[in-house]
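*Asks:* here is my input, please return the structure:
(one chain, ligands or ions: 1)
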Amino acid sequence: MTIRTRFAPSPTGYLHLGHAFSALTAYGFARDMDGEFILRIEDIDHTRCRPAFEQAIYEDLNWLGVTWETPNLRQSDHLSDYQAALDQLRDLGVLYADSRTRKGQAEAALSAPQGEDTAGAAPAAPAWRLSLEAARRHLGARYDDLAFTDLVSGAQPARPEVNGDVILGRKDIGVAYHLAVVIDDARQNISHVVRGSDLFDATHTQVLLQALLDLPTPQYLHHALLLDGEGRRLAKRKGSKSLRDYRAEGLTAADINEIIAQTPRSVA
Ligand code: GLU
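*Replies:* Residues are numbered from 1 along each chain as shown. Next up, the predicted model:
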């Protein structure tokens with residue numbers, strides 16, 4: 001098996017130290033295992049993504065010395081594939097329409113990773129939700145056996161209930177994060193999903209989607225998160241210092257590695 005990891009940022013802001021840590025962890029894992037590393041631009045949310053941020057991702061990663069297989073995938077170039085997957089799930093009878101638009105939007109925002117909320121920006125939208133009850137019926141005994149391996153915490157039963165009936169189809173941007181990421185991890189033959197532990201719970205839903213769509217389940221490595229001086233995780237929306245700010249101050253990639261090594265991190 002070829003080891004293949006990915007870094008999958010959304011161009012909704014400039015990358016900060018937490019992103020650098022995540023990219024370097026995924027990149028280092030692939031390099032240590034003689035594997036491949038890819039970059040995926042997760043830009044399905046056209047209301048929040050900007051070309052300038054995408055450009056900055058390339059520049060920041062180059063500056064860090066991270067290299068990736070090309071051409072890299074941009075999710076906005078594959079929207080019809082996500083729609084096809086949505087149709088497939090609808091045909092299986094595991095989706096239902098939710099026309100309670102406010103609630104639908106609020107929950108879509110909550111299920112988006114790293115503050116990719118779209119509440120406020122999105123037009124009124126009926127949403128398509130995954131029915132856990134229908135999924136359980138469809139998979140039968142397999143549902144209770146759903147599991148994944150996390151290289152940090154070991155074998156894990158998948159418990160999609162922690163996220164409930166998540167929204168997979170959004171009227172505003174077509175598809176929700178969980179579905180796009182599952183399609184692309186399979187399409188790009190990702191053997192190890194290396195990402196922050198803030199996305200650990202997302203894995204429960206994603207493993208279920210893999211089973212429903214007959215896609216393989218990769219292994220996972222959810223790494224600890226870097227924390228700021230007050231013990232909160234770094235985040236774009238909280239104004240964490242961007243990598244380009246460090247660069248403008250004359251720091252080098254080696255300095256960033258040093259800062260990361262000295263930054264406190266969460267236990268998981
Ligand atoms: N695009 C997501 C983010 O920027 C990451 C998704 C993932 O790694 O699964 O938070």
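
*Asks:* show me the strands in the stretch 51-200 of the chain, by range?
*Replies:* Here the stretch 51-200 of the chain has its strands, by DSSP state E, counting those that start in this stretch, at 73-74, 95-98, 127-130, 147-150, 154-157, 167-170, 174-175, 192-196.

*Asks:* deepest-packed of these, please.
*Replies:* Of all these, strand 167-170 carries the top mean neighbour count, a mean of 26, counting by mean count of other CB atoms under 10 Å. (Glycine included, C-beta is placed from N, CA and C.)

*Asks:* just checking, what packs against that strand?
*Replies:* helix 79-92, strand 95-98, helix 101-111, strand 127-130, helix 177-187 (3 or more CB pairs under 8 Å, 6 or more residues apart in numbering; DSSP states H and E).

*Asks:* nearest to the ligand, out of the ones you listed?
*Replies:* Taking CB to the nearest ligand atom, helix 177-187 is the member of the helices and strands packed on strand 167-170 nearest to the ligand, at 4.7 Å.

*Asks:* what about dumping the CA coordinates of the closest one to PDB?
*Replies:* Backbone C-alpha positions of helix 177-187 (Å, rounded to 0.1, in the frame of the first residue of the first chain) are rendered in PDB as follows:
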ATOM      1  CA  TYR A 177     -18.000  19.300   4.200                       C
ATOM      2  CA  HIS A 178     -18.500  15.700   5.400                       C
ATOM      3  CA  LEU A 179     -19.600  14.400   2.000                       C
ATOM      4  CA  ALA A 180     -17.000  16.300   0.000                       C
ATOM      5  CA  VAL A 181     -14.100  15.200   2.200                       C
ATOM      6  CA  VAL A 182     -15.200  11.500   2.100                       C
ATOM      7  CA  ILE A 183     -15.400  11.600  -1.700                       C
ATOM      8  CA  ASP A 184     -12.000  13.200  -2.000                       C
ATOM      9  CA  ASP A 185     -10.200  11.100   0.500                       C
ATOM     10  CA  ALA A 186     -11.300   8.000  -1.500                       C
ATOM     11  CA  ARG A 187     -10.700   9.600  -4.900                       C
END
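
*Asks:* contact partners of that helix?
*Replies:* Outside helix 177-187, the residues that touch it by CB atoms under 8 Å, 6 or more residues apart in numbering are 6, 8, 40, 42, 44, 73, 75, 78, 81-82, 85-86, 89, 111-113, 116, 166, 168-169, 190, 193, 202, 205-206, 209-210, 213, 215-216, 218.

*Asks:* please consider this matter closed, and thank you.
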